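Visitor: dropping the sequence and predicted coords here.
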Amino acid sequence: MVRCITFCTNSKGTSRAFHLRSKIPHKQAATRMNDRLRAFGYAHSRCSASEGTIMSSYIDNTLLPNETVLYRAHVSVWSLFSLALLGLLAIALCFGLMVSWWNQIMSSTTELWLVLLIGAVGIIYLIAAVVRYRTTEFAVTDKRIIAKTGLISRTTIEMFLDKVESLNVEQSVMGRILDYGTVGIRGTGSTEEAIRSISAPLSLRKQFMGAADMYRQKVMR
């Protein structure tokens, strides 16, 4: 609910304070209040509720003018299966112990902390899986190849297509079955940078080869 105090002047020059109460949303209430202030000919400041903003990805924030993303890749969900499974098992074990041995656990501080520790470890595993998936980005644009890994300690790779010497793919047996692998980026005169557990790495390399060929033809014109 919005509460605003508006000072207005009547025909006799006497100032009065009006308390405006409204149960309508903040933004709509602010608009109506501004309309009332305009009617009395007074300058005003706009009251508005803060609006949430959706944070865009690192790739979107670093795009150059007129640069278009042709292909995006992420960490394979299958590569995070072991982390997620361990997290779920630990949380399930925590709840199972709490339900089955509630009286014993509540009567012993040591056992209580041990059970809570198991649950906390499970939550940490789940958070680690989500963070790794959300913070690893890989994209091929019509001008560059862009990659980013990490949340607090972050590693970024940004390279123009004509400066990329090779894009190598390594897949284990499980990676070939579930379609994920390690993508190695080697720039001209630099060492190879590896991004692990990327989904559909062969499709990524195919898209890169096509984009590099288009970029080369555009530069030669």
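Guide: Now that the structure is in, tell me what you want to look at.

Visitor: spatially central residue in the protein, please.
Guide: For the chain, the residue nearest the mean C-alpha position is residue 134 (5.5 Å; CA atoms, centre = their mean).

Visitor: where's it relative to residue 128, distance?
Guide: Distance, residue 134 to residue 128, using CB to CB, to the nearest Å: 11 Å. From N, CA and C alone the C-beta is placed, and that goes for glycine too.

Visitor: off-centre distance for the host helix or strand of the residue nearest to the centre of the chain?
Guide: Per DSSP states H and E: residue 134 is located in helix 109-135. Here helix 109-135 is found 21 Å from its chain centre; the criterion is CA atoms, centre = their mean, to the nearest Å.

Visitor: in it, what counts as buried?
Guide: 115, 118-119, 121-122, 125-126, 129, 132-133, 135 (16 or more other CB atoms under 10 Å).

Visitor: can you give me the strands in the chain?
Guide: Taking DSSP state E as the test, the strands found in the chain are 2-9, 15-22, 69-73, 137-141, 144-149, 155-160, 164-170, 180-187, 192-199.

Visitor: and the residue nearest to the centre of the chain, how far from residue 127?
Guide: Distance, residue 134 to residue 127, using CB to CB: 10 Å.

Visitor: quick one: low-confidence ranges for the chain?
Guide: Residues of the chain meeting the criterion pLDDT under 70: 1-56.

Visitor: mind giving me the domain split of it?
Guide: Per the record, the chain has its domains at 2-39, 58-73+136-220, 80-132, by automatic domain parsing.

Visitor: residue contacts, residue 69?
Guide: Applying CB atoms under 8 Å, 6 or more residues apart in numbering to residue 69 gives the contacts 59, 63, 139-141.

Visitor: derive a PyMOL selection command for the buried subset of those residues.
Guide: Selection of buried members from the contacts of residue 69 for PyMOL, criterion 16+ other CB under 10 Å:
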select buried, resi 59+63+139+140+141
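
Visitor: make TSV out of the contacts of residue 69 and add distance to residue 165.
Guide: Shown next, in TSV, are these (distance: CB to CB, whole Å):
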residue	distance to residue 165
59	22
63	23
139	19
140	15
141	18
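
Visitor: of the contacts of residue 69, which pair is most distant in space?
Guide: 63 and 140 (12.3 Å; CB to CB).

Visitor: which one of the buried residues of helix 109-135 is nearest to residue 163?
Guide: Nearest to residue 163 among the buried residues of helix 109-135: residue 135, at 24.9 Å, using CB to CB.

Visitor: from residue 166, how far off is the nearest residue to the closest one once chain neighbours are set aside?
Guide: Counting by CB to CB, 6 or more residues apart in numbering, residue 151 is the residue found nearest to residue 135 once chain neighbours are left out, at 4.6 Å. When distance is defined by CB to CB, residue 151 is 28 Å away from residue 166.

Visitor: ok, residue 202 next?
Guide: Residue 202 sits 14 Å away from residue 166, going by CB to CB.

Visitor: then residue 179?
Guide: Look at residue 179 and residue 166: by CB to CB, they are 21 Å apart.

Visitor: what's the answer for residue 60, then?
Guide: Look at residue 60 and residue 166: by CB to CB, they are 27 Å apart.

Visitor: go on, residue 91?
Guide: With distances taken as CB to CB, residue 91 is found 43 Å from residue 166.

Visitor: repeat for residue 194
Guide: Per CB to CB, residue 194 is found 12 Å from residue 166.
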